[in-house]
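**Student:** coords below, sequence missing:
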Ligand code: RNT
Ligand code: ZN
(Lines give C-alpha, C1' and ligand atoms only; values in the text may rest on other atoms or scores of the structure.)
(Ligands and ions follow the chains in the order given, each with its own letter.)
Protein backbone atom coordinates (compact mmCIF):
# COMPACT_ATOMS: atom_id res chain seq x y z
CA UNK A 1 0.00 0.00 0.00
CA UNK A 2 1.17 3.51 -0.75
CA UNK A 3 2.61 5.53 2.08
CA UNK A 4 0.12 8.39 1.74
CA UNK A 5 -2.77 5.95 1.92
CA UNK A 6 -1.35 4.36 5.04
CA UNK A 7 -0.89 7.76 6.58
CA UNK A 8 -4.41 8.84 5.68
CA UNK A 9 -5.87 5.66 7.14
CA UNK A 10 -3.78 6.27 10.27
CA UNK A 11 -5.04 9.83 10.72
CA UNK A 12 -8.65 8.73 10.18
CA UNK A 13 -8.25 5.94 12.69
CA UNK A 14 -6.80 8.29 15.31
CA UNK A 15 -9.89 10.46 14.91
CA UNK A 16 -12.29 7.58 15.14
CA UNK A 17 -10.71 6.35 18.34
CA UNK A 18 -10.62 9.89 19.72
CA UNK A 19 -14.38 10.05 19.29
CA UNK A 20 -14.59 7.12 21.71
CA UNK A 21 -12.28 8.90 24.11
CA UNK A 22 -9.27 6.76 23.23
CA UNK A 23 -5.79 8.14 22.68
CA UNK A 24 -4.59 5.87 19.88
CA UNK A 25 -1.10 7.36 19.73
CA UNK A 26 -0.62 6.50 23.38
CA UNK A 27 -1.83 2.95 22.69
CA UNK A 28 0.83 2.52 20.01
CA UNK A 29 3.47 3.87 22.37
CA UNK A 30 2.43 1.32 24.95
CA UNK A 31 2.47 -1.45 22.36
CA UNK A 32 5.96 -0.41 21.38
CA UNK A 33 7.09 -0.98 24.97
CA UNK A 34 5.75 -4.53 24.96
CA UNK A 35 8.70 -6.84 24.75
CA UNK A 36 7.62 -10.32 23.75
CA UNK A 37 9.84 -13.20 24.80
CA UNK A 38 10.33 -15.12 21.57
CA UNK A 39 10.96 -18.83 22.09
CA UNK A 40 14.06 -20.06 20.26
CA UNK A 41 12.66 -23.56 19.79
CA UNK A 42 10.20 -22.95 16.93
CA UNK A 43 13.20 -22.59 14.62
CA UNK A 44 14.46 -26.15 15.10
CA UNK A 45 11.53 -28.20 16.42
CA UNK A 46 12.89 -28.17 20.00
CA UNK A 47 16.03 -30.08 18.96
CA UNK A 48 18.72 -27.93 20.56
CA UNK A 49 22.46 -28.44 20.25
CA UNK A 50 23.23 -30.89 23.03
CA UNK A 51 22.10 -33.88 21.03
CA UNK A 52 20.38 -32.49 17.93
CA UNK A 53 19.53 -35.89 16.52
CA UNK A 54 18.09 -37.17 19.76
CA UNK A 55 14.42 -37.80 20.28
CA UNK A 56 12.13 -35.12 21.69
CA UNK A 57 10.61 -36.65 24.82
CA UNK A 58 8.84 -35.45 27.93
CA UNK A 59 5.30 -35.45 26.66
CA UNK A 60 5.85 -32.81 24.00
CA UNK A 61 6.03 -33.49 20.29
CA UNK A 62 6.61 -31.69 17.05
CA UNK A 63 4.81 -33.02 14.02
CA UNK A 64 5.66 -32.32 10.41
CA UNK A 65 8.90 -32.23 8.49
CA UNK A 66 8.77 -29.01 6.57
CA UNK A 67 12.23 -28.47 5.09
CA UNK A 68 14.67 -25.87 6.33
CA UNK A 69 14.88 -26.20 10.07
CA UNK A 70 17.88 -24.59 11.73
CA UNK A 71 20.62 -27.16 12.33
CA UNK A 72 23.31 -25.08 13.98
CA UNK A 73 23.57 -22.12 16.30
CA UNK A 74 24.54 -19.99 13.33
CA UNK A 75 21.44 -21.00 11.40
CA UNK A 76 19.24 -20.47 14.43
CA UNK A 77 20.65 -17.01 14.98
CA UNK A 78 20.24 -16.21 11.29
CA UNK A 79 16.57 -17.24 11.47
CA UNK A 80 15.92 -15.29 14.63
CA UNK A 81 17.51 -12.21 13.08
CA UNK A 82 15.19 -12.58 10.11
CA UNK A 83 12.21 -12.86 12.41
CA UNK A 84 13.25 -9.81 14.43
CA UNK A 85 13.58 -7.82 11.23
CA UNK A 86 10.03 -8.65 10.21
CA UNK A 87 8.29 -7.47 13.35
CA UNK A 88 8.00 -4.05 14.94
CA UNK A 89 9.25 -3.39 18.48
CA UNK A 90 12.04 -4.64 20.69
CA UNK A 91 11.81 -8.18 21.88
CA UNK A 92 13.50 -10.86 23.93
CA UNK A 93 14.73 -14.31 22.96
CA UNK A 94 14.03 -17.22 25.24
CA UNK A 95 16.70 -19.94 25.22
CA UNK A 96 16.53 -23.49 26.50
CA UNK A 97 19.47 -25.01 28.35
CA UNK A 98 20.04 -27.44 25.47
CA UNK A 99 20.79 -24.54 23.11
CA UNK A 100 24.23 -23.79 24.52
CA UNK A 101 27.33 -23.26 22.45
CA UNK A 102 28.97 -26.56 23.36
CA UNK A 103 31.67 -26.42 20.71
CA UNK A 104 30.91 -29.87 19.35
CA UNK A 105 31.43 -31.54 22.76
CA UNK A 106 28.78 -33.39 24.69
CA UNK A 107 28.18 -31.42 27.87
CA UNK A 108 25.69 -33.10 30.14
CA UNK A 109 22.94 -31.14 31.86
CA UNK A 110 24.65 -31.28 35.25
CA UNK A 111 27.79 -29.73 33.80
CA UNK A 112 26.56 -26.75 31.81
CA UNK A 113 27.99 -23.37 32.71
CA UNK A 114 27.53 -19.70 31.85
CA UNK A 115 30.45 -19.94 29.41
CA UNK A 116 28.33 -22.16 27.16
CA UNK A 117 25.94 -19.25 26.71
CA UNK A 118 28.45 -16.44 26.37
CA UNK A 119 28.22 -16.37 22.58
CA UNK A 120 24.44 -16.01 22.90
CA UNK A 121 24.87 -13.18 25.40
CA UNK A 122 27.26 -11.42 23.03
CA UNK A 123 24.97 -11.96 20.06
CA UNK A 124 21.98 -10.63 21.99
CA UNK A 125 23.88 -7.53 22.99
CA UNK A 126 24.90 -6.93 19.41
CA UNK A 127 21.32 -7.33 18.18
CA UNK A 128 19.86 -5.24 20.98
CA UNK A 129 17.68 -8.01 22.39
CA UNK A 130 17.49 -9.38 25.93
CA UNK A 131 17.53 -13.04 26.80
CA UNK A 132 15.36 -15.29 28.94
CA UNK A 133 16.17 -18.86 29.91
CA UNK A 134 14.61 -22.28 30.46
CA UNK A 135 16.06 -25.29 32.21
CA UNK A 136 15.60 -28.43 30.13
CA UNK A 137 14.19 -31.44 31.94
CA UNK A 138 13.18 -33.42 28.87
CA UNK A 139 14.85 -35.30 25.98
CA UNK A 140 17.35 -37.00 28.26
CA UNK A 141 18.09 -40.59 29.40
CA UNK A 142 17.78 -39.59 33.01
CA UNK A 143 14.16 -38.62 32.41
CA UNK A 144 13.24 -42.00 30.94
CA UNK A 145 11.32 -43.14 34.00
CA UNK A 146 8.96 -40.24 33.33
CA UNK A 147 10.27 -38.40 36.38
CA UNK A 148 13.06 -35.89 37.07
CA UNK A 149 12.93 -33.72 40.19
CA UNK A 150 10.12 -35.91 41.54
CA UNK A 151 11.71 -39.31 40.84
CA UNK A 152 11.80 -41.83 43.66
CA UNK A 153 15.49 -42.45 42.91
CA UNK A 154 17.63 -39.96 44.86
CA UNK A 155 20.41 -40.19 42.26
CA UNK A 156 18.05 -39.07 39.50
CA UNK A 157 16.78 -36.22 41.64
CA UNK A 158 20.35 -35.22 42.46
CA UNK A 159 21.22 -34.99 38.77
CA UNK A 160 18.25 -32.79 37.98
CA UNK A 161 18.72 -30.61 41.03
CA UNK A 162 22.24 -29.95 39.83
CA UNK A 163 20.85 -29.06 36.42
CA UNK A 164 18.41 -26.64 37.97
CA UNK A 165 21.07 -25.12 40.17
CA UNK A 166 23.31 -24.52 37.17
CA UNK A 167 20.51 -23.13 35.05
CA UNK A 168 19.80 -20.55 37.73
CA UNK A 169 23.46 -19.52 37.71
CA UNK A 170 23.49 -19.26 33.92
CA UNK A 171 20.27 -17.22 33.88
CA UNK A 172 21.59 -14.96 36.63
CA UNK A 173 24.78 -14.37 34.66
CA UNK A 174 22.72 -13.52 31.58
CA UNK A 175 20.70 -11.10 33.72
CA UNK A 176 23.82 -9.53 35.17
CA UNK A 177 25.43 -8.99 31.78
CA UNK A 178 22.31 -7.62 30.11
CA UNK A 179 21.48 -5.37 33.04
CA UNK A 180 17.97 -6.75 33.20
CA UNK A 181 16.61 -9.74 35.07
CA UNK A 182 16.57 -12.94 33.06
CA UNK A 183 13.34 -14.87 33.44
CA UNK A 184 14.14 -18.49 34.11
CA UNK A 185 11.25 -20.82 33.40
CA UNK A 186 11.05 -24.16 35.14
CA UNK A 187 8.88 -26.78 33.53
CA UNK A 188 9.32 -30.48 34.24
CA UNK A 189 7.58 -33.29 32.38
CA UNK A 190 7.15 -35.56 35.41
CA UNK A 191 4.09 -37.74 35.29
CA UNK A 192 2.57 -41.01 34.16
CA UNK A 193 0.46 -42.47 31.44
CA UNK A 194 -1.88 -44.35 33.70
CA UNK A 195 -3.48 -44.48 37.10
CA UNK A 196 -0.83 -43.41 39.56
CA UNK A 197 -1.05 -44.30 43.19
CA UNK A 198 1.82 -42.28 44.66
CA UNK A 199 0.60 -38.83 43.70
CA UNK A 200 1.25 -37.24 47.05
CA UNK A 201 4.71 -38.84 47.36
CA UNK A 202 5.93 -37.53 44.00
CA UNK A 203 4.57 -34.06 44.70
CA UNK A 204 6.28 -34.03 48.05
CA UNK A 205 9.54 -34.96 46.33
CA UNK A 206 9.07 -32.17 43.82
CA UNK A 207 8.45 -29.71 46.62
CA UNK A 208 11.60 -30.86 48.43
CA UNK A 209 13.73 -30.71 45.28
CA UNK A 210 12.56 -27.19 44.46
CA UNK A 211 12.94 -26.04 48.06
CA UNK A 212 16.50 -27.30 48.18
CA UNK A 213 17.66 -25.62 44.98
CA UNK A 214 15.63 -22.43 45.23
CA UNK A 215 16.81 -21.82 48.78
CA UNK A 216 20.05 -20.62 47.22
CA UNK A 217 19.15 -16.95 47.06
CA UNK A 218 20.01 -14.96 43.95
CA UNK A 219 19.00 -11.33 43.53
CA UNK A 220 15.86 -10.76 41.47
CA UNK A 221 17.79 -7.95 39.88
CA UNK A 222 19.47 -10.69 37.84
CA UNK A 223 17.17 -13.67 37.99
CA UNK A 224 13.46 -14.33 38.23
CA UNK A 225 12.54 -17.99 38.55
CA UNK A 226 9.10 -18.92 37.31
CA UNK A 227 7.27 -22.24 37.51
CA UNK A 228 4.98 -23.71 34.86
CA UNK A 229 2.17 -26.18 35.38
CA UNK A 230 0.52 -28.56 32.94
CA UNK A 231 -2.59 -30.68 32.91
CA UNK A 232 -1.28 -33.58 30.85
CA UNK A 233 1.24 -34.50 28.17
CA UNK A 234 1.66 -37.25 25.62
CA UNK A 235 2.43 -40.27 27.78
CA UNK A 236 1.49 -38.45 30.97
CA UNK A 237 -2.24 -38.43 30.39
CA UNK A 238 -3.24 -39.64 33.80
CA UNK A 239 -0.93 -37.83 36.15
CA UNK A 240 1.33 -34.79 36.01
CA UNK A 241 3.22 -33.94 39.19
CA UNK A 242 3.49 -30.23 38.43
CA UNK A 243 -0.21 -29.53 38.18
CA UNK A 244 -1.88 -26.12 38.42
CA UNK A 245 -2.71 -26.57 42.09
CA UNK A 246 0.83 -27.66 42.88
CA UNK A 247 2.55 -24.67 41.31
CA UNK A 248 -0.11 -22.17 42.25
CA UNK A 249 0.35 -23.27 45.84
CA UNK A 250 4.10 -23.27 45.53
CA UNK A 251 4.26 -19.83 43.91
CA UNK A 252 1.92 -18.25 46.44
CA UNK A 253 3.71 -19.81 49.39
CA UNK A 254 7.13 -18.77 48.13
CA UNK A 255 6.21 -15.46 46.55
CA UNK A 256 7.39 -16.61 43.12
CA UNK A 257 6.57 -15.80 39.54
CA UNK A 258 4.01 -18.17 38.01
CA UNK A 259 3.90 -19.21 34.36
CA UNK A 260 0.54 -19.77 32.72
CA UNK A 261 0.70 -21.62 29.41
CA UNK A 262 -2.45 -21.13 27.35
CA UNK A 263 -2.38 -24.77 26.28
CA UNK A 264 -1.98 -26.38 29.68
CA UNK A 265 -5.52 -26.50 30.98
CA UNK A 266 -8.78 -28.24 30.27
CA UNK A 267 -9.99 -27.63 26.70
CA UNK A 268 -12.58 -25.01 27.62
CA UNK A 269 -10.52 -23.43 30.38
CA UNK A 270 -8.73 -20.26 29.32
CA UNK A 271 -5.91 -18.54 31.15
CA UNK A 272 -7.33 -15.03 30.70
CA UNK A 273 -9.59 -15.23 33.72
CA UNK A 274 -6.74 -16.48 35.90
CA UNK A 275 -4.74 -13.26 35.61
CA UNK A 276 -6.84 -11.04 37.85
CA UNK A 277 -6.73 -13.68 40.58
CA UNK A 278 -3.07 -14.56 40.40
CA UNK A 279 -2.02 -10.91 40.27
CA UNK A 280 -3.37 -10.62 43.81
CA UNK A 281 -1.20 -13.42 45.12
CA UNK A 282 2.07 -13.65 43.17
CA UNK A 283 4.53 -10.87 42.37
CA UNK A 284 4.57 -11.39 38.60
CA UNK A 285 3.20 -13.68 35.93
CA UNK A 286 4.82 -15.11 32.83
CA UNK A 287 2.63 -16.18 29.95
CA UNK A 288 3.34 -18.93 27.48
CA UNK A 289 1.08 -17.72 24.74
CA UNK A 290 0.17 -20.72 22.66
CA UNK A 291 -2.85 -22.24 20.95
CA UNK A 292 -4.34 -25.52 22.06
CA UNK A 293 -5.96 -27.46 19.26
CA UNK A 294 -7.70 -30.54 20.67
CA UNK A 295 -5.00 -32.47 22.55
CA UNK A 296 -2.06 -30.45 21.27
CA UNK A 297 -1.12 -27.44 23.33
CA UNK A 298 1.35 -25.82 20.95
CA UNK A 299 -0.14 -24.67 17.66
CA UNK A 300 0.93 -21.36 16.12
CA UNK A 301 -0.69 -18.42 17.88
CA UNK A 302 -3.45 -16.73 15.90
CA UNK A 303 -5.74 -13.80 16.56
CA UNK A 304 -8.58 -15.70 18.20
CA UNK A 305 -10.93 -15.06 21.10
CA UNK A 306 -8.60 -16.66 23.64
CA UNK A 307 -5.72 -14.40 22.67
CA UNK A 308 -7.99 -11.36 22.73
CA UNK A 309 -9.28 -12.28 26.17
CA UNK A 310 -5.72 -12.68 27.50
CA UNK A 311 -4.71 -9.30 26.08
CA UNK A 312 -7.80 -7.57 27.43
CA UNK A 313 -7.17 -8.96 30.89
CA UNK A 314 -3.52 -7.88 30.81
CA UNK A 315 -4.48 -4.33 29.94
CA UNK A 316 -7.62 -4.05 32.08
CA UNK A 317 -5.76 -5.32 35.14
CA UNK A 318 -3.60 -2.20 35.05
CA UNK A 319 -0.58 -4.40 35.77
CA UNK A 320 0.93 -4.86 32.34
CA UNK A 321 4.37 -4.33 33.90
CA UNK A 322 3.91 -7.42 36.08
CA UNK A 323 2.95 -9.73 33.23
CA UNK A 324 5.63 -11.03 30.89
CA UNK A 325 4.42 -12.22 27.55
CA UNK A 326 6.34 -15.17 26.19
CA UNK A 327 5.49 -17.45 23.31
CA UNK A 328 5.52 -21.23 23.33
CA UNK A 329 4.55 -23.16 20.25
CA UNK A 330 6.25 -25.36 17.69
CA UNK A 331 4.94 -26.30 14.31
CA UNK A 332 7.25 -28.33 12.09
CA UNK A 333 4.72 -28.61 9.27
CA UNK A 334 4.94 -25.07 7.88
CA UNK A 335 7.63 -22.51 7.16
CA UNK A 336 9.12 -21.95 10.60
CA UNK A 337 9.99 -18.30 10.10
CA UNK A 338 6.42 -17.78 8.97
CA UNK A 339 5.18 -19.55 12.10
CA UNK A 340 7.13 -17.09 14.23
CA UNK A 341 6.03 -13.98 12.41
CA UNK A 342 2.35 -14.91 12.27
CA UNK A 343 2.33 -15.70 15.99
CA UNK A 344 4.22 -12.61 17.10
CA UNK A 345 2.23 -10.26 14.92
CA UNK A 346 -1.02 -11.79 16.13
CA UNK A 347 0.04 -11.31 19.75
CA UNK A 348 0.83 -7.68 19.02
CA UNK A 349 -2.43 -7.13 17.18
CA UNK A 350 -4.38 -8.53 20.11
CA UNK A 351 -2.49 -6.33 22.54
CA UNK A 352 -3.02 -3.27 20.38
CA UNK A 353 -6.76 -3.86 20.27
CA UNK A 354 -6.81 -4.28 24.02
CA UNK A 355 -4.83 -1.07 24.48
CA UNK A 356 -7.35 0.75 22.29
CA UNK A 357 -10.28 -0.07 24.50
CA UNK A 358 -12.11 2.80 26.20
CA UNK A 359 -11.98 0.82 29.43
CA UNK A 360 -13.02 3.70 31.69
CA UNK A 361 -16.12 4.26 29.64
CA UNK A 362 -16.99 0.56 29.80
CA UNK A 363 -16.40 0.54 33.55
CA UNK A 364 -18.75 3.50 33.93
CA UNK A 365 -21.47 1.61 32.13
CA UNK A 366 -20.75 -1.33 34.36
CA UNK A 367 -21.11 0.73 37.50
CA UNK A 368 -24.36 2.20 36.24
CA UNK A 369 -25.66 -1.26 35.42
CA UNK A 370 -25.87 -0.36 31.73
CA UNK A 371 -24.95 -3.77 30.45
CA UNK A 372 -26.50 -3.44 27.03
CA UNK A 373 -24.31 -0.39 26.36
CA UNK A 374 -21.24 -2.25 27.57
CA UNK A 375 -21.96 -5.20 25.31
CA UNK A 376 -22.72 -2.97 22.33
CA UNK A 377 -19.44 -1.09 22.66
CA UNK A 378 -17.48 -4.31 23.05
CA UNK A 379 -18.98 -5.42 19.75
CA UNK A 380 -18.40 -2.08 18.03
CA UNK A 381 -14.75 -2.11 19.07
CA UNK A 382 -14.10 -5.27 17.09
CA UNK A 383 -14.73 -3.42 13.86
CA UNK A 384 -12.75 -0.30 14.68
CA UNK A 385 -9.82 0.49 12.35
CA UNK A 386 -7.02 -0.86 14.56
CA UNK A 387 -5.32 -2.39 11.51
CA UNK A 388 -4.59 1.11 10.17
CA UNK A 389 -2.73 1.81 13.40
CA UNK A 390 -0.79 -1.44 13.31
CA UNK A 391 0.15 -0.87 9.67
CA UNK A 392 1.38 2.62 10.39
CA UNK A 393 3.36 1.37 13.38
CA UNK A 394 5.07 -1.17 11.09
CA UNK A 395 5.78 1.55 8.55
CA UNK A 396 7.34 3.78 11.19
CA UNK A 397 9.46 0.92 12.43
CA UNK A 398 10.72 0.07 8.96
CA UNK A 399 9.26 -3.44 8.90
CA UNK A 400 6.92 -4.93 6.28
CA UNK A 401 3.40 -3.54 6.33
CA UNK A 402 0.32 -5.75 6.05
CA UNK A 403 0.92 -8.92 4.06
CA UNK A 404 4.33 -7.75 2.76
CA UNK A 405 6.16 -10.03 5.21
CA UNK A 406 4.86 -13.08 3.35
CA UNK A 407 6.93 -12.29 0.28
CA UNK A 408 10.01 -11.63 2.41
CA UNK A 409 9.64 -14.99 4.08
CA UNK A 410 9.22 -16.67 0.70
CA UNK A 411 12.42 -15.02 -0.47
CA UNK A 412 14.27 -16.07 2.66
CA UNK A 413 13.04 -19.59 2.09
CA UNK A 414 14.21 -19.55 -1.50
CA UNK A 415 17.63 -18.17 -0.68
CA UNK A 416 18.36 -19.68 2.73
CA UNK A 417 16.16 -22.29 4.34
CA UNK A 418 15.35 -24.34 1.25
CA UNK A 419 19.08 -24.87 0.77
CA UNK A 420 19.37 -26.62 4.13
CA UNK A 421 19.03 -30.37 3.92
C1 LIG B 1 5.70 -28.01 27.76
C2 LIG B 1 5.85 -26.62 28.25
C3 LIG B 1 7.19 -26.01 28.06
C4 LIG B 1 7.80 -26.36 26.72
C5 LIG B 1 9.04 -25.60 26.39
C6 LIG B 1 9.79 -26.20 25.25
O7 LIG B 1 4.44 -28.47 27.75
O8 LIG B 1 4.88 -25.81 27.68
O9 LIG B 1 7.13 -24.66 28.29
O10 LIG B 1 6.90 -26.19 25.69
O11 LIG B 1 9.81 -25.46 27.50
ZN1 ZN C 1 4.99 -23.71 27.98
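**Tutor:** Perfect, I can see it now. If you're wondering where the values come from, they're calculated on a predicted model, not measured in any experiment. Ligands and ions are numbered 1, 2, ... in the order given.

**Student:** in the chain, what secondary structure element scores lowest on mean pLDDT?
**Tutor:** Lowest on mean pLDDT, DSSP states H and E among the helices and strands of the chain sits strand 296-299, with a mean of 94.

**Student:** May I see the buried residues of whatever helix or strand comes next after that one?
**Tutor:** Sequence-wise, the next helix or strand downstream of strand 296-299 (DSSP states H and E) is helix 305-317. Neighbour-count burial for helix 305-317, counted by 16 or more other C-beta atoms under 10 Å, picks out 306-317. Backbone N, C-alpha and C define where each C-beta goes, glycine included.

**Student:** Mind putting those residues into CSV with distance to ligand 2 and pLDDT?
**Tutor:** Below are those laid out as CSV (distance: C-beta to the ion, whole Å; pLDDT from 0 to 100):
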residue, distance to ligand 2, pLDDT
306, 15, 98
307, 15, 98
308, 20, 98
309, 18, 98
310, 14, 98
311, 18, 98
312, 21, 98
313, 18, 98
314, 17, 98
315, 22, 98
316, 24, 98
317, 21, 98
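
**Student:** hang on, the earlier thing: which residues touch the least confident helix or strand of the chain?
**Tutor:** The contact list for strand 296-299 (C-beta atoms under 8 Å, 6 or more residues apart in numbering) reads 60-61, 230, 261-264, 290-293, 328-331.

**Student:** likewise stretch 210-218?
**Tutor:** Residues contacting stretch 210-218 (C-beta under 8 Å, 6+ apart): 149, 161, 164-165, 168-169, 172, 186, 225, 227, 250, 254, 256.

**Student:** pull the longest helix from this protein.
**Tutor:** helix 154-178 (DSSP state H).

**Student:** any idea how far residue 380 is from the residue of the chain most remote from its centre?
**Tutor:** Of all residues in the chain, residue 368 has its C-alpha farthest from the mean position, at 37.9 Å, by C-alpha atoms, centre = their mean. With the distance defined as C-beta to C-beta, to the nearest Å, residue 368 ends up 18 Å from residue 380.

**Student:** Quickly note the distance from the residue nearest to residue 237 when sequence neighbours are not counted to ligand 2.
**Tutor:** If the residues on either side of it in the chain are set aside, residue 237 comes closest to residue 193, at 5.8 Å by C-beta to C-beta, 6 or more residues apart in numbering. To ligand 2, residue 193 is 20 Å away according to C-beta to the ion, to the nearest Å.

**Student:** where does residue 193 land on pLDDT?
**Tutor:** We have a pLDDT of 98 for residue 193.

**Student:** circling back: help me see whether the least confident helix or strand of the chain makes contact with ligand 2, please.
**Tutor:** No: against ligand 2, strand 296-299 shows no contacts by C-beta under 5 Å from the ion, the least distance being 7.6 Å.

**Student:** Sheet partners, orientation included, of that strand?
**Tutor:** Applying DSSP bridges, strand 296-299 is found paired with strand 291-293 (antiparallel).

**Student:** Would you mind pulling the contact partners of the strand it pairs with?
**Tutor:** Residues contacting strand 291-293 (C-beta under 8 Å, 6+ apart): 262-263, 267, 298-302, 304, 306-307, 329.

**Student:** buried residues in it?
**Tutor:** 291-292.

**Student:** pLDDT on that strand, on average?
**Tutor:** 97.

**Student:** what's the answer for stretch 48-60, then?
**Tutor:** 93.

**Student:** Repeat that for stretch 379-387.
**Tutor:** pLDDT averaged over stretch 379-387 gives 97.

**Student:** need the residues of this structure near ligand 2, please.
**Tutor:** Within the chain, the positions near ligand 2 by C-beta under 5 Å from the ion are 261, 288, 328.

**Student:** Return the distance of the last one relative to ligand 1.
**Tutor:** Meaning residue 328. Distance, residue 328 to ligand 1, by C-beta to the nearest ligand atom, to the nearest Å: 5 Å.

**Student:** Surely that residue is in contact with residue 288?
**Tutor:** Yes: counting by C-beta atoms under 8 Å, residue 328 touches residue 288, with 3.7 Å between them.

**Student:** which residues do these two both contact?
**Tutor:** Common contacts of residue 328 and residue 288, defined by C-beta under 8 Å, 6+ apart, comprise 261, 263.

**Student:** what's the residue of the stretch 301-421 of the chain found nearest ligand 2 in contact with, if anything?
**Tutor:** Closest contact between the stretch 301-421 of the chain and ligand 2, by C-beta to the ion, is at residue 328 (3.8 Å). Applying C-beta under 8 Å, 6+ apart, we find residue 328 in contact with 39, 261, 263, 288-290, 298.
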